[in-house]
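*Asks:* next one to model:
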Amino acid sequence: MRLIILSLPNHACDKIFATAKDICDGAVMKHREDSGDKTRWTLHILADDDCRQNLLDAIQTELDSQDGWRLAIVPVDTSLPRKEEEEEEDAEPDPEEEAEKAMKLPGGLSREEIYEQVEKQGRIDRAYLVFVLLSTVVAAFGMLEDNVPVVLGAMVIAPLLGPNLALSVGVALGDGKLILRSAAALVIGTVLSIALGFVIGLLMPISDADELLSRTDIGFDGLAIALASGAAAALSLVTGVSSALVGVMVAVALLPPATAIGLFLGFSQGYHALEAGVMLLMNIVCINLSAQAVMLTRGITPRRWYEKKRAKRHSLINGAIWLSLLVILAILLWLRQPS
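*Replies:* Here you go, the predicted model:
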């Protein structure tokens, strides 16, 4: 449930008010604001998952060409009476509608809310770079000391997961700027982690700790885990169930294998570095491919028709690239299996 607060000029109020009452079953209040010779209105609209995206699309379509309006979306912890209690008072529900509701996944943020979340995660700023450096140090010494809790701590920091999710959302919405920015953040973060791992590898004695060598243990089970975890990450994003992300961060960690690449290069162990690189690439490919599939099945698309065409083109190109890389990785894993 969200409270949509919309401030708009007098001439646009009546139509938006009627549209909101129609889409959101009348859960709309309006307040008049007189300021000098101008009259403005503030609408408070209580919108659940079923109507929120349609309402936001209708409001933006109506007001896009006008000035002087502002919309804010506020989370609602509790609303009474509960929706289930209201539905009990209504007529007997249609069996087909009930079956359709049962098939829907719970929750669901609007594209605007999703974009607001991931846009911050795709930025290359000081905080992002510091998080990459700190988590690289934690991961490096955790693996070198064979300390599982410390490595888990680096996984939970997970600075590289955000740019991957931002990249998937950018592709789904056909947002070229978000795609380029998040891809750049992913590349820069990965290179920074490998470089710092390399420096640490030069300074530290060669280690054969299990936590470090486990980053060279790649197989089809890891492929399945990465695909499932990528889907879970995207699903937790679009449904707003952020608590699931902690498990995803641990299940499909990107930073430890990136750090391991640098450590192995510092140890002059090129073959192990290559194996860790395959694990890193496998995780990145699986996260993006499964996240794109989730965006597609959840109907995360742009609002305008011409943007939808561009987004579809981006999705086809991006999907073809990730799928091709997945096939190549699967072949490499198959060839690597002992005969």
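*Asks:* please enumerate the helices of the stretch 1-150 of the chain.
*Replies:* 10-23, 49-63, 83-89, 95-103, 111-121, 126-144, 148-157 (DSSP state H, counting those that start in this stretch).
*Asks:* got the angle for the fifth one vs helix 49-63?
*Replies:* Between helix 111-121 and helix 49-63, the angle comes out at 90 degrees (axes from the mean of the first three to the mean of the last three Cα atoms, to 10 degrees).
*Asks:* where does pLDDT dip in this structure?
*Replies:* For the chain, the stretches with pLDDT under 70 are 26, 35-37, 82-107, 241-252, 338-339.
*Asks:* identify the residue nearest the geometric centre of the protein.
*Replies:* With distances taken as Cα atoms, centre = their mean, residue 165 lies nearest the centre of the chain, 3.6 Å away.
*Asks:* tabulate the helices of the stretch 1-150 of the chain (a markdown table), appending mean neighbour count.
*Replies:* The C-beta positions use only the backbone N, C-alpha and C, and glycine is treated the same way. Compiled in a markdown table, those are given as follows (neighbours: other Cβ atoms under 10 Å):
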| stretch | mean neighbour count |
| --- | --- |
| helix 10-23 | 16 |
| helix 49-63 | 18 |
| helix 83-89 | 9 |
| helix 95-103 | 8 |
| helix 111-121 | 18 |
| helix 126-144 | 20 |
| helix 148-157 | 17 |
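*Asks:* would you mind giving the domain segments of the chain?
*Replies:* Domain ranges of the chain: 2-103, 112-336, per automatic domain parsing.
*Asks:* tell me the most buried of those?
*Replies:* Greatest average neighbour count among the domains of the chain goes to domain 112-336 (a mean of 19), per mean count of other Cβ atoms under 10 Å.
*Asks:* next one: that domain to chain centre, how far?
*Replies:* The gap between where domain 112-336 is centred and where its chain is centred comes out at 12 Å by Cα atoms, centre = their mean, to the nearest Å.
*Asks:* biggest strand in this structure by residues?
*Replies:* strand 38-47 (DSSP state E).
*Asks:* by contact count, what packs against that strand?
*Replies:* Applying 3 or more Cβ pairs under 8 Å, 6 or more residues apart in numbering; DSSP states H and E, we find strand 38-47 packed against strand 2-9, helix 10-23, strand 28-35.
*Asks:* closest to residue 189 out of these?
*Replies:* strand 2-9 (31.8 Å; Cβ to Cβ).
*Asks:* and that closest one, which strands flank it?
*Replies:* strand 38-47 (antiparallel), strand 70-75 (antiparallel) (DSSP bridges).
*Asks:* between helix 10-23 and that strand, find me the angle.
*Replies:* Using the same axes, to 10 degrees: strand 2-9 against helix 10-23 is 150 degrees.
*Asks:* contacts for strand 2-9 next, please.
*Replies:* 16, 38-48, 52, 55-56, 59, 63, 66, 68-76, 113 (Cβ atoms under 8 Å, 6 or more residues apart in numbering).
*Asks:* ditto for stretch 214-225
*Replies:* Stretch 214-225 has contacts (Cβ under 8 Å, 6+ apart) with 143, 251-252, 256-257, 260, 272, 275-276, 278-279, 282, 286, 326, 329-330, 333, 336-337.
*Asks:* now with 7 Å, please.
*Replies:* By Cβ atoms under 7 Å, 6 or more residues apart in numbering, the residues outside stretch 214-225 that reach it are 251-252, 256-257, 260, 272, 275-276, 278-279, 282, 286, 330, 333.
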